[in-house]
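Undergrad: missing the sequence, but the structure's below:
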Ligand SMILES: Cc1cc2nc3c(=O)[nH]c(=O)nc-3n(C[C@H](O)[C@H](O)[C@H](O)COP(=O)(O)OP(=O)(O)OC[C@H]3O[C@@H](n4cnc5c(N)ncnc54)[C@H](O)[C@@H]3O)c2cc1C
Ligand code: SF4
Ligand code: FES
């Protein structure tokens, strides 16, 4: 057994920042991560970090833009904290040596981004995430923070009180990917889940293969609710074969979208008469798919993004990276042909329900980054707002877990007095538990193992048995088959366009996946670097996460931000200014709601129409 | 199938087999996976359409049948745009789930899938199958201990990266709470730009003859990492000198024999050899001890 004060699971931007903060607050801190830190998905971010740094800009404007962008589903205390802390935390990155792009006078550059009333996106070329990740990893090395890399976290060690609000998390169980050794990691003061997004729930995503929602799933099964999971952002320009992202910068520089008839459809068919290609992401994504559905897609699948008219010089100067991406990943030369693009899953606005200090309703359990929902993005995230979330809320979670007093949070978590129960959700199948492998989120102590170590040991034991079971079986079904079926159902039915009928179909497929998972087996007999085993675990997590996305999408019968519903194509503020929460309750998902907090420190954010 | 459409009706897979040729590799892959392609179907696929022949290195210290290293042959259905990584993923998902390799981003930023492809270090995700001669040999990076199949032990590489103290050290900076940034000229940023692109893939180290013969040699990636700091004007002279001392030690920059193999294989086009030469010149200028 390993023991530390604070255990941070995941070493992307959020995890690294949390570890540095916890270490600075005096806690013995360790990072446990399934990938080496520099391999984390944060490295893929291109655009930049929003921070009100310049004179003429201020945090209040940033907060206002973010609330509006969220389609009034962000919680004002979280949004204001983001806007207030981002400038200093961004400057701190500069002090750690991050190579931001610079103006002539040596100050950091900022550029305009969609939905911002001031050019406040700070950037390092088109590789902001890469530099952010490496700069923070350098600081982790400098401080000698212990890193357990290529250790896969399988579960949390949580006590089994009836009410999740009374439960305590004492650590995690993980296995060393290189050797297969399964061990407990005891956390004396807190566990922080910074495991990133669940993009692999969809078959076409800009996300890394590692983005499997592990943190979401283990927190959920331990009793922490998942919040606003139906809000998934689809980026309009990803390459059809791999999902690799073609940055918004191409349209920013003047790139044009055409259908198979060579029409500039954004204007031609009136999708966005003012901003055309530069309308918000959800609008462009819907337009592209409508073109395809109406038979004007190229090869019945995608549309063309053309930048040839910008001229070789300008392309090489500003979009060189895009030429490489199109060439390397699609075999297309952007200088001589238009690039094929279609919408791809990109970002999860929802996540593990936390307060401004990163704390869940379970004592000692925290979450930060894309895995968490605090919530700053609400129904729709603005470009450049995820990276500041990582550093601002990563830092706060780290400090709080290390025992620092950050004041009373205004956001509530878990099932409490402030929530409203769902009563009339009409579900096509019974969601939730099925079969041995998905059973049991918490360590039943039955009075035998009430102390932290006992709970941890029991959880370790349970995971060892689970692995033995998966490896001992010689026949059944393999994870890849289940995963593909799940991903396809989500992409077919819980995509940009959503209908009640479609979502119900998805829920039925998810149920089938659950049942098939009872017969899952691991074919690779080796304990050495067994990726078959790891992916089998990940697939189980994806099933649970996909189900919460589909359930959220089914019950929210309105159109808000990225969530479009055919039955009700309007935002319904009267009934839906509230967060969807889903918690795992005795093997069954339970749906409930909490009102959005629109009152900020000094002002209230009044919902207004979003027009394009 | 067309996967992202509005109408539920149109989401069914097109029945028309003619459609096949116009599908993206991903769709094709999915469709075939759905049809439950197995070893038998592999042969069919070959008979039906174009396939790519890959020979993949296999080794597992724990599994008896794999203790003796060997190559396995896979025939993977080919579509325009497919990469080496796509091919090994296909082989794993459809033919042999124990086939092991690292991968994550699929977009040349995470650095985890550097392999030895037809005798050269390459990122699997960045290498188009169409550009390679068949059969395509896919092996783990040379000069590194093989853990299993295509996975090598990266610990030594990480140790060397850490040995150059790869972090900003200037403590004497203004308080970020005052939003006071350290200034850096655009020219100085431009100077360190290429060096800062390294994704720690290890290809350069694996291609270097000197590193192969001298286990203590810092190697091109670590020296390049140090270059990024050594050339950054925001670091103080004192620290720069400290760093140069690390670099010019016995197993540092002077070991480099300017063979350019690292520069040739770097997937991020970093001028590694040039950076090493420049640091040698710096060391001479500073009159540091010459080994
Ligand atoms: C292509 C792309 C471009 C983007 N561009 C921008 C941008 O310009 N600006 C912006 O603000 N946002 C951008 N985003 C969004 C932003 O980059 C991500 O939301 C953010 O990086 C997520 O960071 P994270 O730290 O939460 O997770 P990640 O960086 O994904 O890290 C997750 C970590 O958790 C670990 N982990 C996961 N599961 C386990 C487990 N079971 N056990 C142990 N460890 C585990 C992984 O090893 C990894 O270290 C972009 C996203 C994408 C996909
Ligand atoms: S310098 Fe280039 S080849 Fe070497 S590790 Fe970095 S990216 Fe890879
Ligand atoms: S998979 Fe990340 S670099 Fe190839």
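TA: Structure's in. What do you need? For clarity, every value in this text was computed on a predicted model and none was experimentally measured. Residues are numbered from 1 along each chain as shown, chains lettered A, B, ... in the order given. Ligands and ions are numbered 1, 2, ... in the order given.

Undergrad: Work out the gap between stretch A:597-609 and the centre of the chain.
TA: Stretch A:597-609 sits 25 Å away from the centroid of its parent chain (C-alpha atoms, centre = their mean, to the nearest Å).

Undergrad: same check, this time on stretch A:135-155
TA: For stretch A:135-155, the distance to the chain centre is 20 Å (C-alpha atoms, centre = their mean).

Undergrad: Let me see the domain layout of the chain.
TA: I went with chain A, as the question did not name one. Domains of chain A are assigned by the TED database as A:2-231+A:349-421, A:233-345.

Undergrad: I was thinking of chain B, sorry if that wasn't clear
TA: Split by the TED database, chain B gives B:42-151, B:153-169+B:187-290.

Undergrad: Stretch A:344-354 vs chain B: in contact?
TA: No: residues of stretch A:344-354 contacting chain B under C-beta under 8 Å from any C-beta of the partner chain: none, with a closest distance of 8.6 Å. Bear in mind the C-beta positions are built from the backbone N, C-alpha and C, glycine included.

Undergrad: so for that stretch, what's the average pLDDT?
TA: Stretch A:344-354 shows an average pLDDT of 98 in the prediction.

Undergrad: Endpoints of it, how far apart?
TA: 27 Å (C-alpha to C-alpha, to the nearest Å).

Undergrad: what's the neighbour count on the nearest residue to residue B:234 once chain neighbours are set aside?
TA: Of all residues not flanking residue B:234 in the chain, residue B:182 sits nearest, at 4.8 Å (C-beta to C-beta, 6 or more residues apart in numbering or on different chains). Number of residues near residue B:182 (other C-beta atoms under 10 Å in any protein chain shown) recorded here: 21.

Undergrad: What pLDDT is listed against residue B:182?
TA: Residue B:182 is given a pLDDT of 87.

Undergrad: What of residue A:280?
TA: For residue A:280, pLDDT reads 80.

Undergrad: re the thing from before, which stretch in the domains of chain A is the model least sure about?
TA: Minimum mean pLDDT among the domains of chain A: domain A:233-345, a mean of 91.

Undergrad: gap between the two ends of that one?
TA: First-to-last residue span, domain A:233-345, C-alpha to C-alpha: 6 Å.

Undergrad: quick one: it near ligand 1?
TA: Yes: applying C-beta under 6 Å from any ligand atom, one finds domain A:233-345 touching ligand 1 at residue A:245.

Undergrad: For that domain, what is the distance to the chain centroid?
TA: Worked out by C-alpha atoms, centre = their mean, domain A:233-345 lies 24 Å from the chain centre.

Undergrad: Also stretch A:350-370?
TA: Counting by C-alpha atoms, centre = their mean, stretch A:350-370 comes out at 13 Å from the chain centroid.

Undergrad: what does stretch B:178-194 give?
TA: With C-alpha atoms, centre = their mean, you get 27 Å for stretch B:178-194.

Undergrad: What is the neighbour count of residue 58?
TA: All of this is about chain A. The burial count for residue A:58: 17, using other C-beta under 10 Å.

Undergrad: could you do chain B instead?
TA: 20.

Undergrad: how close does it sit to residue B:135?
TA: 15 Å (C-beta to C-beta, to the nearest Å).

Undergrad: again, but for residue A:34
TA: 33 Å.

Undergrad: More neighbours: the two, which one.
TA: Per other C-beta under 10 Å, whichever of residue A:34 and residue B:135 has more neighbours is residue A:34, with 26 against 15.

Undergrad: Identify the residues contacting that one.
TA: A:150, A:151, A:152, A:153, A:177, A:210, A:214, A:534 (C-beta atoms under 8 Å, 6 or more residues apart in numbering or on different chains).

Undergrad: same deal with residue B:104?
TA: Per C-beta under 8 Å, 6+ apart, neighbours of residue B:104: A:35, A:39, A:41, A:208, A:209, A:210, B:110, B:112, B:113.

Undergrad: That one in helix, strand or coil?
TA: coil (DSSP: H, G, I helix; E, B strand; the rest coil).

Undergrad: cool, residue A:4 as well?
TA: Per three-state DSSP, residue A:4 ends up strand.

Undergrad: same deal with the one 3 residues further on?
TA: Under three-state DSSP, residue A:7 falls in the strand class.

Undergrad: For it, give its distance to chain B.
TA: 21 Å (C-beta to the nearest C-beta, to the nearest Å).

Undergrad: what do you get for residue A:55?
TA: Taken as C-beta to the nearest C-beta, the span from residue A:55 to chain B is 10 Å.

Undergrad: So what's the residue count around that residue?
TA: When neighbours are counted by other C-beta under 10 Å, residue A:55 comes out with 6.

Undergrad: next one: the one 5 residues further on
TA: Residue A:60: 16 surrounding residues under other C-beta under 10 Å.

Undergrad: Assign it to helix, strand or coil.
TA: Once three-state DSSP is applied, residue A:60 turns out helix.

Undergrad: right, and it touches residue A:76 too?
TA: No: applying C-beta atoms under 8 Å as the test, residue A:60 and residue A:76 come out as separate, 11.4 Å apart.

Undergrad: in chain A, what residue is nearest ligand 2?
TA: residue A:38 (10.1 Å; C-beta to the nearest ligand atom).

Undergrad: so what's that residue closest to, chain neighbours aside?
TA: residue B:200 (5.1 Å).

Undergrad: so the one you found sits right up against residue B:221, yeah?
TA: Yes: the pair residue B:200 and residue B:221 passes the contact test of C-beta under 8 Å, sitting 6.7 Å apart.

Undergrad: Touching both of these two, which residues are there?
TA: With C-beta under 8 Å, 6+ apart, residue B:200 and residue B:221 have common neighbours B:157, B:161.

Undergrad: who has more neighbours, the two?
TA: residue B:221 (27 against 24).

Undergrad: name the helices or strands packed onto the helix or strand hosting that one?
TA: Assigned by DSSP states H and E, residue B:221 falls within helix B:220-230. With contacts taken as 3 or more C-beta pairs under 8 Å, 6 or more residues apart in numbering or on different chains; DSSP states H and E, helix B:220-230 sits against helix B:155-163, helix B:203-207, helix B:237-247, helix B:261-265, helix B:272-285.

Undergrad: Next, the angle from it to helix B:155-163.
TA: Angle of helix B:220-230 versus helix B:155-163, following axes from the mean of the first three to the mean of the last three C-alpha atoms, to 10 degrees, is 20 degrees.

Undergrad: and residue A:67, backbone torsions?
TA: phi -60, psi -40 (degrees, to the nearest 10).

Undergrad: Any part of stretch A:390-403 near ligand 1?
TA: Yes: using C-beta under 6 Å from any ligand atom, stretch A:390-403 reaches ligand 1 at residue A:390.
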